Every structure is written in structure tokens, then in C-alpha cells.
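J.: okay, predicted coordinates and the sequence, questions at the end:
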Amino acid sequence: MENQNKKFFDTLNLKVNDPSIFDLALTHSSFNADANTKHHDYERLEYIGDAVLGFVVADLIYKIQPSMEPGLMSKLRSYLVKSSALAKYAREIKLYDYIKAGHSLSHKQVEQSDKILEDVFEALIGAFYLDQGLDFVYRFIEKFVYEEIKNVDIDVLTDYKTKLQEAMQAEYRNSVEYILEKVEGPAHDRTFTVSVLFNGLKLGSGVGKSKKIAEENAAKNALKKSMKG
């Protein structure tokens, strides 16, 4: 077992059964190019981790929010397992300090990449499931999501794009249009700016770390302006 991995296990007070599983979970595919290896990375573990994560979060929502209706339950689960959320969980345990990546990726790039942190976090869940069992995984995931499920803010689950579209089509038949205004920053840390238009009239604008988030923020901005009007 590498000393780096052992340090990580110590922070979690974890006694592992098969260190090789975690070696895979914490290895980014870019490392293969430097080590001249094939498929010695987290991708297969990510597959099973994604499934386990979805199941555990769904079960927690069902138990913690017994009166929540199914549509809202699905939205809450999606919110809790989206890329930025998983990256946030990964940063809480400083997962970026233990990821093995190739020379093409700096430590800072790994730390700032939601995509890498999301994927490795899911792989870690997969490794925990295979090495420690479902009970351990359940307790591990619960620490990250319990408070958000218990004290859920309904507003953060709102689909602003759908809400805006419905509001416009209540009066007009045409659809709103989203225009990508600009993309800033390096490939691993981009910022997107989007405007939402209706019949050529700019209703609002939004910024986000993905085009989808920027569109949601643009729709939210448009709805906020319409309420003030």
C-alpha cells in the first residue's frame, strides 16, 4: 500500500481489506500514459459507485422525508448527486491530495476540476462498497447529504428553464432561446455566460461553470426581472 493512500485511510479511520481496489479508485486515466499501463484507473469502479450512490441517496430521501412527493424526491436526488455536489463532497475530504494523475495534469488542475473529483468520488464509493460493504458506504454518504435532505431548500430544486418557458407560453406561443455569449478560462476551469432571449428581446443573463448552469441562472434572472416588472 502506498504511504499516500495509507494517510488517506487513516483520516477516515479505515482498515482496508484489499488496498489494490483503492489504488484503482484513486488513479486517473492520464496516469496510464506515464506508466504505460492500460485500464489501470477508476473507470470501472466509477460505474458501480454511481449505482450505489444513487440507491443510497434515494433510500435516505425516502426515510428522512416521509411526506415528500415522488417528483420532488427525484429532483432532490439529482441535485445531491450532480457533478458539482459530488465534487464538493470530494473537496470536503481533500480527495484531490490522493489522486494519481499523469504529468499532463497538475495538482491544481485536479483540485479545480469538478469532473475529475466527481468521477473519483464515485469510484471511491465503488471501492468502499466492494471492500467494506453497503453499511459502511451508507454511513459514509449519509454524512454528506443528511442535513441537506432534512433541511431541503425547495427553491434550489426549481427548474428555472421550465418555469420560464411555461410562463412565456402562458401568454405567447413562441419559445425562449438561449445564446452562449462567451466562454472564459482554461479548459479545466471554464466559465460560461449565457443570455436568454424571446423574439429577439433579451430577458436575462446568467453565468456558470457549465453551459447548463449558466442557462438555469439566465432563466432565474429573467424570472426575477419579470416579477419586479
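T.: Sure, I can see it. Numbers count the residues shown, from 1 in each chain.
J.: buried residues, the longest helix belonging to the chain. List them.
T.: The longest helix of the chain (DSSP state H) is helix 43-64. Neighbour-count burial for helix 43-64, counted by 16 or more other C-beta atoms under 10 Å, picks out 45-46, 48-50, 52-58, 60-61, 64. (Glycine included, C-beta is placed from N, CA and C.)
J.: hang on, isn't residue 205 packed against residue 195?
T.: Yes: at 4.6 Å, residue 205 counts as touching residue 195 under the criterion of C-beta atoms under 8 Å.
J.: tally of neighbours for residue 12?
T.: When counting by other C-beta atoms under 10 Å, one arrives at 13 neighbours for residue 12.
J.: per-residue confidence at the closest residue to it other than its chain neighbours?
T.: Counting by C-beta to C-beta, 6 or more residues apart in numbering, residue 12 lies nearest to residue 93, which is 7.5 Å off, once chain neighbours are set aside. Listed pLDDT for residue 93 reads 94.
J.: kindly report the same for residue 81.
T.: Model confidence at residue 81, given as pLDDT, is 95.
J.: can you pull the phi and psi angles for it?
T.: With angles defined as degrees, to the nearest 10, residue 81 sits at phi -120, psi 10.
J.: and residue 49, how far is that from residue 78?
T.: Distance of residue 49 to residue 78, computed by C-beta to C-beta, to the nearest Å: 17 Å.
J.: for the residue nearest the centre of the chain, what are its contacts?
T.: By C-alpha atoms, centre = their mean, the mean C-alpha position of the chain lies nearest to residue 83, the distance being 1.6 Å. Contacts for residue 83 (C-beta atoms under 8 Å, 6 or more residues apart in numbering) come out as 114, 115, 118, 210.
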